[in-house]
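>>> Can you look at this prediction? I've put the sequence above it.
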Amino acid sequence: MISCQKSLFNLPPDLHYLNCAYMSPLPAIVEEAGIEAIRAKRDPSLIAPHDFFETVARVKSQFAELIHADSADSISLIPSVSYGIAIAARNLEVERGQNIVLLHEQFPSNFYTWKRLADEKGLELRVVGKNLNEMFTSEGRCRAWNEAVIDAIDKDTVAVALPIVHWTDGTLFDVVSISQKTRQHGAALILDGTQSVGALPFDVGQVKPDALVVAGYKWMFGPYSTGFAWWGERFLGGVPIEENWINRLGSEDFAGLVDFEAQYQVGAARFDVGEKSNFALLPMLEAAVSQILQWTPEGIQEYTAALLSDWEDEISGLGFGMASRNDRGSHLFGLSMPEGIQVADARDILAAARVSVSVRGSSIRVAPHVYNDHDDMSAFVDALKKVVQQ
């Protein structure tokens, strides 16, 4: 098992940062890569045409390795989840009366685009899971939610768009079984891996989605406004949402850019965001993904599981609800409140103890990583004790 990696970060020594699902801290090597990249812009004459493409290619290859994709040609660079979702929606062939399956309290960037498409094209939005909090305890809700998603998919389903891990409480979705059901009915499966990919093992060949979008500033440890999308055969021949010079065939020849080209670059490069060669952010993203590949998602899960294992019984004993290990990853979980305690009060007590977590919906969302240690967890549990004693 990997050891604690706190020394690779520059977090304040008195801060217990259990909040990677909000935004990751930058590893020192990522911070240094960004500073070096900014300084490189001092002399633009040193930025050659090949520099517009080489870092892009390396970063895409890294991400392909991370998700076990066969080729980096299926990867595009995106600035946000909403950008990737917009590409998928533009290239989805729909008919009036069909339906799109979503989740209750799904992240807004994976909802608003589908709402617009449904309104414009006369589609039904099937939002699954609204009443599950009332019907099930933490122990039974994950299974019930997965079953409800699968039951919602039918012959009229054109797309299922959902996260691998729910952003509010860490509920883990059985995307393999969901994928099997979508393929039975010819529906597209569009996954948001923002709260999982990088920290939780994922094999695109095993899951077989039609698209996977991932923001880069959380579990990927990259800077804001970076991200990745993987595209399956359903989408690879599609139309991008912007037309930019660098995504056209032959754009490596700067002298020839005056000769407009109708064809796109091979594969998913057609979906790359304009100015994808971002000379400040991409070196940071490359350093970040390189570090993730060294730790491995399996190693991160093993470390965070061991970190939490000594405290799970004590947390439950205080009256906080937490899903079982089979229903969540060890990197992200939600705590429901003991009876009579308001989540806002718990948040304030934790903040006063310099324990950084998030409140999402009715849950305290806890997201540890390899920079956390026994002292961080001890401070967290001590603060929870104060919550129930108030």
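Cool, the structure landed.
>>> any idea whether the nearest residue to residue 264 once chain neighbours are set aside is helix, strand or coil?
Counting by C-beta to C-beta, 6 or more residues apart in numbering, residue 264 lies nearest to residue 270, which is 3.7 Å off, once chain neighbours are set aside. All C-beta spots, glycine's among them, are computed from the backbone N, C-alpha and C. Three-state assignment for residue 270 (DSSP: H, G, I helix; E, B strand; the rest coil): helix.
>>> was I right about residue 270 contacting residue 240?
Yes: using C-beta atoms under 8 Å, residue 270 makes contact with residue 240 at a distance of 5.1 Å.
>>> anything in contact with each of these two?
247, 264 (C-beta atoms under 8 Å, 6 or more residues apart in numbering).
>>> What residues does the nearest residue to residue 157 once chain neighbours are set aside make contact with?
Spatial nearest neighbour of residue 157, chain neighbours left out: residue 187 (4.3 Å); criterion: C-beta to C-beta, 6+ apart. Residue 187 makes contacts with 101, 153, 157, 158, 159, 160, as judged by C-beta under 8 Å, 6+ apart.
>>> What distance do you get for residue 187 to residue 209?
Computed as C-beta to C-beta, to the nearest Å, the residue 187 to residue 209 distance reads 11 Å.
>>> before we move on, what about residue 189?
Counting by C-beta to C-beta, the separation of residue 189 from residue 209 is 4 Å.
>>> Now for those two: what residues contact both?
Joint contacts of residue 189 and residue 209 (C-beta under 8 Å, 6+ apart) are 175, 179.
>>> Pop the domain breakdown of the chain in here.
Residue ranges for the domains of the chain, per automatic domain parsing: 6-21+296-389, 45-293.
>>> Minimum distance to residue 36: which of these has it?
Closest to residue 36 of these, according to C-beta to C-beta: domain 45-293, at 7.0 Å.
>>> for the record, mean pLDDT for the closest one?
Throughout domain 45-293, pLDDT has a mean value of 95.
>>> so how far is the first residue of it from its last?
Terminal residues of domain 45-293 are spaced 33 Å apart (C-alpha to C-alpha, to the nearest Å).
>>> Over to stretch 364-380?
Where stretch 364-380 begins and where it ends lie 12 Å apart, using C-alpha to C-alpha.
>>> Report the buried residues of it.
Neighbour-count burial for stretch 364-380 flags 364-372, 376-377, 379-380 (criterion: 16 or more other C-beta atoms under 10 Å).
>>> again with stretch 278-295
278-292, 295.
>>> now the nearest residue to residue 220 once chain neighbours are set aside: how far from residue 300?
Distances taken as C-beta to C-beta, 6+ apart place residue 198 nearest to residue 220, at 4.6 Å, with adjacent residues excluded. Residue 198 sits 8 Å away from residue 300, going by C-beta to C-beta.
>>> Could you tell me which residues touch both of these two?
Joint contacts of residue 198 and residue 300 (C-beta under 8 Å, 6+ apart) are residue 292.
>>> So between the two, which is more surrounded?
A direct count of neighbours by other C-beta atoms under 10 Å for residue 198 and residue 300 places residue 198 higher, at 31 against 25.
>>> And the strands in the stretch 51-200 of the chain, which stretches?
75-77, 99-103, 124-128, 157-163, 188-192 (DSSP state E, counting those that start in this stretch).
>>> Of all these, which one comes closest to residue 251?
strand 75-77 (14.5 Å).
>>> For that closest one, enumerate the helices and strands it packs against.
helix 51-66, strand 227-231 (3 or more C-beta pairs under 8 Å, 6 or more residues apart in numbering; DSSP states H and E).
>>> in its sheet, what does it sit against?
In the sheet, strand 75-77 lines up against strand 227-231 (antiparallel) (DSSP bridges).
>>> Tell me the buried residues in the very next helix or strand once past the strand it pairs with?
Using DSSP states H and E, the next helix or strand after strand 227-231 towards the C-terminus is helix 233-236. For helix 233-236, the neighbour count (16+ other C-beta under 10 Å) marks 234, 235, 236 as buried.
>>> Can you tell me how far the closest residue to the second one other than its chain neighbours is from residue 184?
Using C-beta to C-beta, 6+ apart and skipping the chain neighbours, the partner closest in space to residue 235 is residue 91 (5.3 Å). When C-beta to C-beta is the yardstick, residue 91 and residue 184 sit 21 Å from each other.
>>> Name the residue in the two with the higher neighbour count.
residue 91 (20 against 12).
>>> From what I see, that one and residue 241 are in contact.
No: if you go by C-beta under 8 Å, residue 91 and residue 241 don't touch, sitting 9.3 Å apart.
>>> Leaving out the residues flanking it, which one is nearest to residue 146?
Here the nearest residue to residue 146 in space, its sequence neighbours aside, is residue 174; by C-beta to C-beta, 6+ apart that works out to 4.8 Å.
>>> burial measure for the one you found, as a count.
Neighbour tally, residue 174, other C-beta under 10 Å: 16.
>>> who touches whichever strand or helix holds residue 39?
Taking DSSP H and E as the definition, one finds residue 39 inside helix 28-40. Contact partners of helix 28-40, identified using C-beta under 8 Å, 6+ apart, comprise 8-10, 26, 46-47, 221-223, 279-284, 286-288, 291.
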